[in-house]
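1. After the sequence you'll find the predicted model.
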Amino acid sequence: MPRVVVGGTFECLHDGHRKLLRKAFELAGDGMVDIGLTSNEMAGLRDRTVPDYSVRKSQLTGYLEEIAGKDTDYTIIELNDPYGRTLEEDYDHIVVSPETYPVALRINRMRAEKNMSPLDIVKVEFVLADDRTPISSTRIVNGEIDIHGHIIS
């Protein structure tokens, strides 16, 4: 049974996040997905106010109920650092965006130092907005685009 890990702040659950999560569940099949959700403390390090953990978790749970197959188990884990459980537990895959790819490389280096097997890093490319620029929570919060990447005039 494959074990997959994916993480994020999931501030505005946009199409890029949805693609990342769908890939995690696709890889897991009838296995397990651990979803790391950034804590309020970590999210507070951003240059803007991020919705409370409970709000983000509720939105995430609603989407996961739509995409999780009945045979796939998942757990939402509060992230208080960039690594979550990846330095203690065995996973087969880590699903990342181009933005978080360097963190996955660091995780594998740290796992090697602990004589742990490396994770298969699955990089999911950005979803582009109508203007061919990546969808991001920053752009959504700034009112440039909606969660699907449509330009707001």
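-> Okay, I see it. What you see is a predicted model; the values in this text were computed from it and never measured. Numbers count the residues shown, from 1 in each chain.

2. which residues sit against the lowest-mean-pLDDT helix or strand in the chain?
-> Across the helices and strands of the chain, mean confidence by mean pLDDT, DSSP states H and E is lowest for helix 40-43: a mean of 92. Applying C-beta atoms under 8 Å, 6 or more residues apart in numbering, the external contacts of helix 40-43 come out as Thr9, Glu11, Val50, Asp52, Tyr53, Arg56, Leu79, Asn80, Asp81. In this view, the C-beta of every residue, glycine as well, is placed from N, C-alpha and C.

3. Need the max-distance pair from those residues.
-> Asp52 and Asp81 (19.3 Å; C-beta to C-beta).

4. which helices and strands sit right next to the next helix or strand along the chain from the least confident helix or strand of the chain?
-> Counting by DSSP states H and E, the next helix or strand C-terminal to helix 40-43 is helix 53-67. On a contact count with 3 or more C-beta pairs under 8 Å, 6 or more residues apart in numbering; DSSP states H and E, helix 53-67 meets helix 15-28, strand 32-38, helix 40-43, strand 73-79.

5. Out of those, which gets nearest to Asp92?
-> helix 15-28 (7.7 Å).

6. Could you check which helix or strand contains Arg139?
-> Counting by DSSP H and E, Arg139 is part of helix 137-141.

7. buried residues in that helix?
-> Ser137, Arg139, Ile140 (16 or more other C-beta atoms under 10 Å).

8. mind checking how far the closest residue to the last one other than its chain neighbours is from Val55?
-> Spatially, and ignoring its direct neighbours in sequence, Ile140 is nearest to Cys12 (4.5 Å; C-beta to C-beta, 6 or more residues apart in numbering). Distance from Cys12 to Val55, counting by C-beta to C-beta, to the nearest Å: 11 Å.
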